[in-house]
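# Got a predicted structure plus its sequence, pasted below:
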Amino acid sequence: MAKTSAPATVITWAIANLERETADGKVITVHYTVNASNGTYSAGAYGSLGFDGEVTTPFADLTKEVVVGWVKDALGEERVAEVEAALQNQIDEQAAPTKAAGVPW
């Protein structure tokens, strides 16, 4: 019998909310989510990053892709990889648990 491979995990970075200065529209805090799913199991993470008004793109011109880019740049490649690996580990644990709880009766 042929062994079936596990479904591929899709990881999605998104922006939950932005906080900005009303006087100039500069973004000061980005709230983001990272979700992973293989169609059967899922895992997620949430984080916030302060930008202290250093981003100068006008608020009205922002897109999800631009802001996700800021988040990933601020975190750095290594931290992005760590977050994604941690979510994959959670999905792997759901698919093949290594721990269990309960009583035998």
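Received the coordinates, thanks.
# Low-confidence stretches in the chain?
By pLDDT under 70, the weakly predicted segments of the chain are 1-6, 53.
# Please enumerate the strands of it.
Using DSSP state E, the strands of the chain run over residues 10-20, 27-37, 42-50.
# most neighbours per residue, which of those strands?
Relative to the other members of the strands of the chain, strand 27-37 carries the highest mean neighbour count by mean count of other C-beta atoms under 10 Å, namely a mean of 18. C-beta here means a position set from N, CA and C on the backbone, and glycine is covered the same way.
# Need the residues that contact that one.
Residues outside strand 27-37 that contact it (C-beta atoms under 8 Å, 6 or more residues apart in numbering): 9-21, 42-53, 55, 57, 59, 62, 67-68, 70-71, 83-84, 87-88, 90-91.
# change it to 7 Å
Here strand 27-37 makes contact (C-beta atoms under 7 Å, 6 or more residues apart in numbering) with 9-21, 42-53, 55, 59, 67, 70-71, 83, 87-88, 91.
# Good, wrapping up.
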